[in-house]
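Enquirer: I need the structure of the sequence given here:
(2 chains)
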Amino acid sequence: MKIKNLRLLGMFKLIALGLLLQCCPAELFADQGPEEITVSGSVIDENNDPLPGVSILVKGTTRGTATDANGKFTLTAEKGSTLAFSFVGYDLHEVTVNDASPISISLVPNASTLNEVVVTGYSSQSKRSITGAVSSVSGKELTEVPQVSVDRALQGKVSGVYVSSEGVPGGNTMVRIRGFGTTNNNDPLYVIDGIPTKGNLTSLSPSDIESITVLKDASAASIYGSRAANGVIVVTTKKGSAGASALNVTINRGVQSLNKSRYPDLMTPQQLADAHRIRQVNGTGTFAHNAYGNDPNNAVLPDFINPIGFQQGNDIVDLQGKVIANVNQYDDNDDNDPVGGDGVYQLMRANKEGTDWFNETFHQANFTNVNVNYSGGSEKGTYYIGTEYFDQEGVAIHTNFKRYSARINSVGHAKDWLHIGQNLNVTYTEGVGLQNQYENGVLAQLYRIPGIIPVYDVAGNFAGNQQVAIGDARNPVAELTRAAENKSRIFRTFGNAFLEVDLAKGLRAKSLIGIDYTSNNSTSFTPFNPGDYQSTQTNSFTEFNSFNSAVIWTNTLSYGRDIGKHTFEAFIGTEYINNVYRQSAGSRQNYISDVNVNERYLSTGIGAQTNNGIGAQNSLMSYFGKIDYSLSDKYLASFTLRRDGSSRFPEDNRWGVFPAASVGWVISEESFLESVSALNSLKFRAGWGQVGNQDIPDPNAANTFFSADVNYASYSLDGVNNVVTPGFDKTKRGNPNVTWETTETLNVGLDAELLNRLSFSFEWYKKQTKDMLVDIVQPAAGGAAANAFLNVGDVENKGIELGLDYSSDPSKDFRYSIGVNFSTYKNKVIKLNSAPFYGARAFDLQQMTITREGEAISSFYGFVIDGIFNSQDEVDSYLENVSQDGARPGTFRFRDVNNDKVINDLDRTIIGSPHPDFMYGINISLAYKNFELTLTGTGVQGNEIFNATRYFTDFWKMDGNRSTRLLNAWTPENTNTNVPQLNSNTIVRESQESTYYIEDGSFMRVRNVQLTYNFPKVWLGKALSSAKVYVQGQNVFTATNYSGLDPEVNLQNFTDPKGNRGLGVDRGAYPIPRTITVGLTASF
Amino acid sequence: MKKYIIVFTLATSLIIAESCEDQLNVLPQGAVAFEGLTSEDAVTGLIVSAYSAIDGWFGWGVATPWGTGVSNWIWGDIASGDAAKGGGFGDQGEINLVEQYKWSGSGIPHINDKWIALYEGVARSNDAINGIRGSEVTADKKLSFEGEARFLRAYFHFEAKKIWGRVAFVDEKTLDYRLPNDEDIWPKIEADLEYAIENLPVDQATQKGRATKGAAQALLGKVHMFQKDYAAAKPLLDAVISNTAKYGLAPNYEDNFRISTENQKEAIFSYQSTANDGTRDADHASLNANWGDILAHPSFAPYNSPGLHQPSFNLVNAFKTGADGLPLFDTYNNTDINNDLTTVPFTEYTGTLDPRLDFTVGRRGIPFLGFGDHPGVNGIHDEGFYGPYTNRKNNFNKTEMDLGQNGAGWVAGPSALNYNIIRFADIVLLRAELAVEEGDFATARELVNKVRSRAKTGKVVMEEDGVTPAANYLVNEYPAGHDAFSTQEKARRTVYFERRLELAMEGHRFFDLVRWGVAEQYINKYITEERLRRPSQLNNANFFEGGKNEYFPIPLLQIDASKIQETPTLTQNPGY
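Expert: Sure, this is the predicted structure:
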């Protein structure tokens, strides 16, 4: 029998199951257990103050509660059961209850984290019993610093996790766990309350986060199978506690700014004019420049840059004496072509002192963040309500980001054995962004636009690059101002609903349906841009709408049992995920007003219109299971198996199996170590496993397909002048043999805790990716269709991670703690079945990075410069052995890398690496009584940056401003320099990828310094349970030798997986601002 | 009870799971598989897409259109000395390197774009061939359709062969595109064209954009001329020339460059440009308006283009005529005709000129296509580098403005004006060349005169009054027994010179110079002379290096993409 929609049937059956269970008399279960009693009591800390928020769990069940603001609790438990009291920073306390008399507990402070329960995906485990490479961070630690997204808060907190973000408000964040497994998508999988998602977390309010767990190795992550190769970040949001209602309010206000001393040193107008002159004179012996005159000894700045030669009050005449402009002909809003058009000019007075474009573009920007959350509950259920308002201006004018978010998490215990719950997050974000690192974008113009161009013309309109002799860079202030209303509006609903049924003691079934729905509306208006060379001939407006919906359905059955010394925890499950994406866009030309934002709708334009739309779909089906076993809490073992089927692969290669196993030995439990009282714990772990990466674009990668395309594949077969027949052309090539990447990890770890104060962890890992998926650039001889994804190579990452944390006695007036983490990864392509392939490009720097066998992914690639020829003798003696085009004194001496006696493209080699030797994070906290000072620093060491902005400022391929580095250019007198002679007789190779662009990218950055004052409880009275104020600085200090704006350049494109191939290339990145924040947190 | 619940739960999950597995067959969205393209419309769509590739424009993600133009304005004109880069100095600054003979496989991205554009044309032709063979169309149509596709495939390969010399031939069976370029691909180009001649109709009825038998004969004739295989070329060129019912010279020289008179008898095969055809991307309209030439229109209104592709002093001077209305072979470049860069104050040139000059070049004082007098240097960005002239042939005139690229983004130069890939005058002059090589100077003179006679009798550029010639035009045929056809050497020079004038700024010159074997000698003389007029640009030029600069370098990106392991299959041209 084949029922058409079995999925629906399946859903129906599950509902039926639910109904059936509802109908079962509760007595059926109740009569099997012992008597229940109600237990109440209170918990106090070492100072005898009530301790709110202590979680209390009835051992062996999921039943629990937490203490309220007065440290009190009530719950029901079976007679004879054990209650476990846990609170971060305190020893676990266990009490057996036999009657209903109130109990009073006093918790003892402890730096040990061994008893923390860590959510590891479909299940949770105590830290003590974990055998994989797993790190967890509490929400408290993460929200110390107000951040746009929670992944940024991981910076410096976890060894082996490198986090770096875009400076643009609401920008993306790059998280890399243990290096780079592929040149494709390296983003970890995020699992938020059981719902997997990839990418941008800016729609999730960090204040709602309870904890984050990072699953670093395959033995921990393989439960997520084909998406876990880059590691998994499990995010758990806050839940309410029975009996403990709490209201928390946090307000942060801050200002952000840039460190002006890092702005690049660019030439003054006179210096630039002189550089033009010197260059031409050196090259041709003559000087001719439309703006700077023809005197080979003296470049003269014009009074007006548009029209050049204009003098106030006078007509401007051409060489033939014809009057071509006078001040009365000034016109501010039309095309500014004096000839053939309307014969009028926009008058732009030269700024001879030089416009400081960086200063004009970046400003001090405000930042506000308010969040209010309320949680509580009873034995019948708990709830958490979180709301947030986040408002950040960008340091680049007119950029901004706003977020409004609300979350409701709740669980209802309908029956003892039946739990229904949901987690729901609704977020609206709105902002004006800026394309980061785009070589033709606004930020690139900052490097290129000469200072002689004023921001405004004589009438106060935006000036520009109309005079092409001065270069074609655009006015960045004008561009940003004109784009100020080009907003992107994103609405995201993210959440799940679940049903849990306790089938028998220790046996629980759970069914969860999740949704991740994002809709995006963005509008963009292109106004007239008079003042610009090649100005827009007509204004236009584009509106874009898209939605992405992911539906997830997970079913698990878990079982846990202690039999004597043996403890088992196991579960099996299935998961189905379906993604649908659709987008549509329309545009229209000719709007009556260039400035009226209320007119910006598609129907309001009167000119040509277009529309277009695309979409994508994919689905994933999985079966999985896990068993954790422990013998006497001493010998631990864990086995995982997952089988995934993905729609992205052809039917024959669709299914992958991902196994993992790990073992642990808690040495400190052995009798021979029992006498070492200083040693709280010592655990050795080893794990092996396989995980996959299936992150390639959505259409089934096997298929070659064609699309109708009226724009780029149509033709007029009839020879008619305004009608075309649409054609079909190949848009994508397929690969019928494609399958996923598989990453195999070996991990060995050692965890130790001493003196209740000091914890230490060490990991060694080896991670091998096989069948790396790459859309290898095919020779153009095959046509321009999108390249097929091929499984081309193997990549290895090896590294170590160290973590060390020490805390002083928390009961003292003066307390301190220090945490240090350190990690390395060594990345190497060990096999490549294809040609080496390239990454990042900007203009004709097209091969800045290469991925090839035996080297790290995306290594910098180019020529090696061995200095500059200082004399003709040096040139002659070099040319005796090696032929180098254009060699003359003052030019680069290129290295003949392959010793073939000629400098050509074969002499390109690896010239640097974006991968650091090591990375580190330092977290320090000092506290005296109610004052607390915390500091977080991070750093990377030994990586290089390809400073591609030098292409704009140090060479003459693009007309525009130049770096003051060129003032130190080679001359016969100035030979001690690395800057070649200014000479218009260009050596083509001079500006190509070379060691000239490579800089040391190491840096150490103080991410956060914070001084907090906790109000003493006696001041707070009854209404408040706690309150603190703090002042905080983010990114206050950076130590680096990098000459660019910001050494943290990371990626050009965070959403295109190929961005990884351009790691560490700086085309003018949006810098990360320094932020000073004042904040207040109060709990009621 | 519990047992039942467990069993039931497991069974449910499995049923759910099994049903979900069906959902894993997700097909590409918004696209069709090749197997679906079998109807006549679908196959026509594949052929259309191959024709569409001629203009070198496939959207921003593939190759920028800056250097991909069908007219070869960079590779045929700027590289030959007929044109300067033009426009603003820094605008597409890499094209300066073409003009300065600083050619490299990596420093000039336009070289790679051109390669991509031509091979995309090849790929689309191959898709069409495979589509046609598996389609439901009638056997007759299959032959004619495949004839078209193979004609186009030959055309794209021929273009690549002209530019790079060593190129690979990609056929419809190729699966691995890492092909070596060590093979002589002429025979394969010829085989395609022979197939096309065999199967294409003489006339495509109303579908003037489609290739015909005559187009294939003309192209194959040209292919043989490039190989100096005169015996093979002769019957093909003769077949075209003798088909007087279909082919001939247009009455006026300018008819070749007007939208209203395109697709006439002289147009053997043209790129069919369209405007205001409903196509648009985010910022631009009329995407079939010959986008590969988008930079090569003047920068003044109404074109508002970057203004690249400016005629050189040398080219303009070549249009001088003597009192006899014939070219000044040896002395034309000794002085410049009046121009508003170096003639101060400016006065109009009064010497005699071939009237084709002012259909080819925009210069100060001469009416420019109905928009008043040409503005001279006031309409030019960097005249010190590139001189005072602009290109004229590829621009719409005032009466054709509604077929210009209305509603464009930042340029308005492109229009519905076709580009003539092969026009009758080209074939006539090739036949004249062939006659010279055969020693048949009488035929050569007759054919050259045919072209000159049209220049003489056709319309010339008039002042705004419509009755006064805009300059002192004088052009004549070569009288019988003229010295210009007295020896083979002189006859060659005469035919070559005529070819330069007649086809100027149409992208043929560089390939002719190389084909004739005179590139090094001619171009180096040109640089030496032109340098005196434009020192800022040409004092920085290298000289043409024989044995190297005849062909452009294979793009480095393509060599790198052709690697099998670390070994490239494409070999770089000598000298790079």
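
Enquirer: In this structure A:Asn70 contacts A:Val43, no?
Expert: No: between A:Asn70 and A:Val43 no contact is recorded; they are 9.8 Å apart, counting by Cβ atoms under 8 Å. Where you see a C-beta, it was placed from the backbone N, CA and C, and this is true even at glycine.

Enquirer: Can you list the low-confidence ranges for the chain?
Expert: Picked chain A for this. Counting by pLDDT under 70, chain A shows low-confidence ranges at A:1-34, A:60, A:62, A:88-89, A:109-115, A:199, A:309-345.

Enquirer: Wait, chain B was what I had in mind.
Expert: Scanning chain B with the threshold set as pLDDT under 70 gives B:1-20, B:282, B:405-409.

Enquirer: and with 80 instead?
Expert: Applying pLDDT under 80 to chain B flags residues B:1-23, B:61, B:280-285, B:301, B:405-410.

Enquirer: circling back to that earlier point, of A:Asn70 and A:Val43, which one has the most company?
Expert: A:Val43 (25 against 14; other Cβ atoms under 10 Å in any protein chain shown).

Enquirer: so how far is the helix or strand containing that one from its chain's centroid?
Expert: A:Val43 belongs to strand A:36-44 when assigned by DSSP states H and E. Between the centre of strand A:36-44 and the centre of its chain there are 45 Å (Cα atoms, centre = their mean, to the nearest Å).

Enquirer: With stretch A:144-158 instead?
Expert: With Cα atoms, centre = their mean as the basis, the distance from the averaged C-alpha position of stretch A:144-158 to the chain average is 11 Å.

Enquirer: would you list every one of the strands in chain B?
Expert: B:32-33, B:83-86, B:267-271, B:308-311, B:361-362, B:390-391, B:419-423, B:563-564, B:567-568 (DSSP state E).

Enquirer: near chain A, which residues of the stretch 301-450 of chain B?
Expert: Within the stretch 301-450 of chain B, the residues that sit near chain A (Cβ under 8 Å from any Cβ of the partner chain) are B:301-302, B:304, B:306, B:340, B:344-346, B:371-372, B:375, B:377-379, B:381-382, B:384-385, B:403, B:406-412, B:416, B:418.

Enquirer: Among those, name the buried ones.
Expert: For those, a burial check counting by 16 or more other Cβ atoms under 10 Å in any protein chain shown picks out B:301-302, B:304, B:306, B:340, B:346, B:371, B:375, B:377-379, B:381-382, B:384-385, B:403, B:406-412, B:416, B:418.

Enquirer: what sits against residue 414?
Expert: Since you didn't name a chain, this refers to chain A. With contacts defined as Cβ atoms under 8 Å, 6 or more residues apart in numbering or on different chains, the neighbours of A:Ala414 are A:Ile420.

Enquirer: meant chain B actually
Expert: With contact set as Cβ under 8 Å, 6+ apart, B:Pro414 has these partners: B:273, B:275, B:286, B:289-291, B:293-294, B:297, B:404-405, B:408.

Enquirer: List just the nearest of those residues to A:Phe894.
Expert: Compare each of the contacts of B:Pro414 with A:Phe894 using Cβ to Cβ and the shortest gap goes to B:Ile294, at 35.6 Å.

Enquirer: mind checking how far the closest one is from chain A?
Expert: The spacing between B:Ile294 and chain A, counted by Cβ to the nearest Cβ, to the nearest Å, is 11 Å.

Enquirer: Indicate the residue of the stretch 51-200 of chain A located nearest to chain B.
Expert: Taking Cβ to the nearest Cβ as the measure, the stretch 51-200 of chain A has A:Tyr122 as its residue closest to chain B, at 13.8 Å.

Enquirer: who touches stretch A:260-269?
Expert: Residues from elsewhere that reach stretch A:260-269, judged by Cβ under 8 Å, 6+ apart: A:275, A:301, A:350-354, A:356, A:358-359, A:447, A:450-452, A:949, A:953, A:961-967, A:1043-1046, A:1071.

Enquirer: what do you get if the cut-off is 6 Å, keeping everything else the same?
Expert: Residues from elsewhere that reach stretch A:260-269, judged by Cβ atoms under 6 Å, 6 or more residues apart in numbering or on different chains: A:301, A:352, A:354, A:358, A:451-452, A:961-962, A:964, A:1045.

Enquirer: Please list the residues outside stretch A:371-385 that contact it.
Expert: Contacts of stretch A:371-385 with the rest of the structure, by Cβ under 6 Å, 6+ apart, involve A:207, A:238-240, A:242, A:245-250, A:386-388, A:408-413.

Enquirer: Now it: buried residues?
Expert: Here stretch A:371-385 shows A:371, A:373-377, A:381-385 as buried, counting by 16+ other Cβ under 10 Å.

Enquirer: How about stretch A:294-309?
Expert: Those buried within stretch A:294-309 under the rule 16+ other Cβ under 10 Å are A:294, A:299, A:301-302, A:304-309.

Enquirer: ok, the buried residues of stretch A:371-385 vs chain B, which is closest?
Expert: Here the nearest of the buried residues of stretch A:371-385 to chain B, counting by Cβ to the nearest Cβ, is A:Gly381; it sits at 23.6 Å.

Enquirer: Can you tell me who the nearest residue to that closest one once chain neighbours are set aside pairs with across the strands?
Expert: Of all residues not flanking A:Gly381 in the chain, A:Gly412 sits nearest, at 3.9 Å (Cβ to Cβ, 6 or more residues apart in numbering or on different chains). A:Gly412 forms beta bridges with A:Gly381, A:Ile420, as assigned by DSSP bridges.

Enquirer: residues in contact with the most centrally placed residue in chain B?
Expert: Centrality entry for chain B: nearest residue to the mean C-alpha point is B:Ser71, 2.0 Å, by Cα atoms, centre = their mean. For B:Ser71, the residues meeting the contact criterion (Cβ under 6 Å, 6+ apart) are B:293, B:419, B:507.

Enquirer: could you redo the last one with a cut-off of 10 Å?
Expert: B:Ser71 makes contacts with B:55-56, B:77, B:271, B:290, B:292-293, B:296, B:309, B:391, B:393-394, B:419-421, B:505-508, as judged by Cβ atoms under 10 Å, 6 or more residues apart in numbering or on different chains.

Enquirer: Please apply the same query to A:Leu83.
Expert: By Cβ under 10 Å, 6+ apart, the neighbours of A:Leu83 are A:39, A:41, A:56-59, A:63-65, A:73, A:75, A:77, A:93-97, A:103, A:105.

Enquirer: Among those residues, name the ones in helices.
Expert: Cross-referencing the contacts of A:Leu83 with the helices (criterion: DSSP state H) gives no overlap at all.

Enquirer: Nearest residue to the residue of the stretch 101-250 of chain B found nearest chain A in space, please, no chain neighbours.
Expert: When distances are taken as Cβ to the nearest Cβ, the stretch 101-250 of chain B reaches nearest to chain A at B:Ala123, 2.5 Å away. Closest residue to B:Ala123 apart from its sequence neighbours, by Cβ to Cβ, 6+ apart: A:Gly783 at 2.5 Å.

Enquirer: A:Gln847 touches A:Phe863, doesn't it?
Expert: No: under the criterion of Cβ atoms under 10 Å, A:Gln847 lies out of contact with A:Phe863, with a separation of 11.0 Å.

Enquirer: Identify the contacts common to those two.
Expert: Both A:Gln847 and A:Phe863 are contacted by A:905, A:908, A:992-993, under the criterion Cβ under 10 Å, 6+ apart.

Enquirer: so how far is stretch B:322-342 from its chain's centroid?
Expert: On the basis of Cα atoms, centre = their mean, the separation between the geometric centre of stretch B:322-342 and that of its chain is 28 Å.
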